[in-house]
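Visitor: take this sequence and fold it.
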Amino acid sequence: MEELTADSITLQMLKEARDTVMSSPLGVINTPMIPWCQTTLPLHVPSNIHLKLENMQKTGSFKIRGVANQFARKSREGILVTMSAGNYGKSFAYASKHYGSKGKVVMPETAPMSRSLLIQSFGIEVERVPTSCLIDVVSRCVQEDKMTFLHSYNDLDLIAGHASIGFEILEVVPDPDVVVVCCGGGGLLAGVAAVIKLSGLEKTRVYGVEPKGACTMYRSFIEKKPVGMDSKSIASGLAPPFAGALPYALCKKYVEEIVLVTDEEIISAVSILYRAGLVVEPSGSAAFAAVINNMIPDIMGKKVVVILTGGNIGKDELTSFPD
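Guide: Just a heads-up that it's a prediction; the model follows:
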């Protein structure tokens, strides 16, 4: 994977992946895009903003898109292993059950227990470990137990599958001025940004949004290489131990900037969305949090797209957030 470069990713490659994703037996859907003005959400800056509702996607998040492309293109023989805080793991488990594959998900201890139980309900083994140990445990599974590793963000097939969102955005808003995307390991951000820029929209500004306590891509931009950190955030899906090498290369080439939001701003965003009838988890709310807290520059009067990436949040989590 590290041998691939950003320049080797073509628009045709991403279009073929989109066709694979949308014809997948896993049932991926073209999620709605709704104008902000048709919601009860507060808007402090007059802009033409659309929300891409991936919280309504099959399995509750965009992750099924990348998984659909991975499972279509990779061998499913033997036992598969991956690492995930929840959403990728859920999609991985769903796909494994559909295809009759055996699998294991290595999860950070910080992930909600409800997500572990959900993944296990698909017949997939779950091992919870400290975030800093995720890759070591996966390596042990590969080397000692001969499992096949599917990466949850640093994988070309995964990124190409996630890129299908970019094509759907351009079908509704053909010439956006700004696109705002949540960023964890960077797979979604890389795929969406690549579609937009390779489609000839050089003037469109693409922003990634990370939690301040889990800003691996932000730090990677500063250090000019993929870096890791002891990530901690209420948005566990945006807190991988390191930024992916291929996502970093694509983001560095196509993304304007990485902006940071606090856990408090994310929690507030979840509550604001919920009061407007939109169930969005913390990891899926970061891009929205950046917009409502004026973190994205120069959006007044502009055409803006904000992706709400997932809605997998339990009642126990929702009730812990302020009204």
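
Visitor: excluding its backbone neighbours, what's nearest residue 39?
Guide: residue 276 (5.3 Å; C-beta to C-beta, 6 or more residues apart in numbering). Yep, even glycine has a C-beta here, placed from its N, CA and C like the rest.

Visitor: test my guess that the one you found contacts residue 38.
Guide: No - applying C-beta atoms under 8 Å, one finds residue 276 not in contact with residue 38, separated by 10.7 Å.

Visitor: these two: which is more packed in?
Guide: Using other C-beta atoms under 10 Å as the criterion, residue 276 and residue 38 rank with residue 276 on top: 14 against 9.

Visitor: distance of that one relative to residue 51?
Guide: 10 Å (C-beta to C-beta, to the nearest Å).

Visitor: kindly report the same for residue 241.
Guide: As defined by C-beta to C-beta, residue 241 lies at a distance of 30 Å from residue 51.

Visitor: so which of the two has more stuff around it?
Guide: residue 51 (26 against 20).

Visitor: what helix or strand does that one sit in?
Guide: strand 48-53 (DSSP states H and E).

Visitor: show me what the next helix or strand after that strand is packed against.
Guide: Per DSSP H and E, the first helix or strand lying C-terminal to strand 48-53 is helix 63-73. Identification of packing neighbours for helix 63-73 by 3 or more C-beta pairs under 8 Å, 6 or more residues apart in numbering; DSSP states H and E yields helix 11-22, helix 87-99, helix 156-162.

Visitor: only alpha carbons, please: show helix 63-73 as CSV.
Guide: The C-alpha coordinates for helix 63-73 follow below in CSV (Å, rounded to 0.1, in the frame of the first residue of the first chain):
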residue,chain,number,x,y,z
LYS,A,63,-18.1,2.8,5.9
ILE,A,64,-20.1,0.2,4.0
ARG,A,65,-19.1,1.9,0.8
GLY,A,66,-15.4,1.1,1.2
VAL,A,67,-16.2,-2.4,2.6
ALA,A,68,-18.3,-3.2,-0.4
ASN,A,69,-15.4,-2.4,-2.7
GLN,A,70,-12.9,-4.3,-0.5
PHE,A,71,-15.0,-7.4,-0.3
ALA,A,72,-15.6,-7.3,-4.1
ARG,A,73,-11.9,-7.1,-4.9
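
Visitor: contacts for that helix?
Guide: For helix 63-73, contacts defined as C-beta atoms under 8 Å, 6 or more residues apart in numbering pick out 17, 20-21, 24, 26, 28, 57-58, 87-88, 90-92, 94-95, 99, 101, 150, 152, 155, 157-162, 164-165, 187, 191, 310.

Visitor: how about stretch 163-173?
Guide: The contact list for stretch 163-173 (C-beta under 8 Å, 6+ apart) reads 14-15, 17-18, 21-22, 28, 30-31, 33, 50, 52, 54, 62, 65, 176, 179, 188, 191-196, 199, 201, 303, 305, 307.

Visitor: if we go to 7 Å?
Guide: Around stretch 163-173, the neighbours that count as contacts under C-beta atoms under 7 Å, 6 or more residues apart in numbering are 14, 17-18, 21-22, 30, 33, 50, 52, 54, 62, 65, 176, 179, 191-192, 194-196, 199, 303, 305, 307.

Visitor: PyMOL command for the buried members of these?
Guide: Per 16 or more other C-beta atoms under 10 Å, the buried members of those correspond to this PyMOL selection:
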select buried, resi 14+17+18+21+33+50+52+54+62+65+176+179+191+192+194+195+196+199+303+305+307
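
Visitor: measure the residue of the chain positioned farthest from its centre to residue 54 for me?
Guide: If you look at how far each residue of the chain sits from its centre, by C-alpha atoms, centre = their mean, the farthest one is residue 144, at 29.8 Å. Computed as C-beta to C-beta, the residue 144 to residue 54 distance reads 36 Å.
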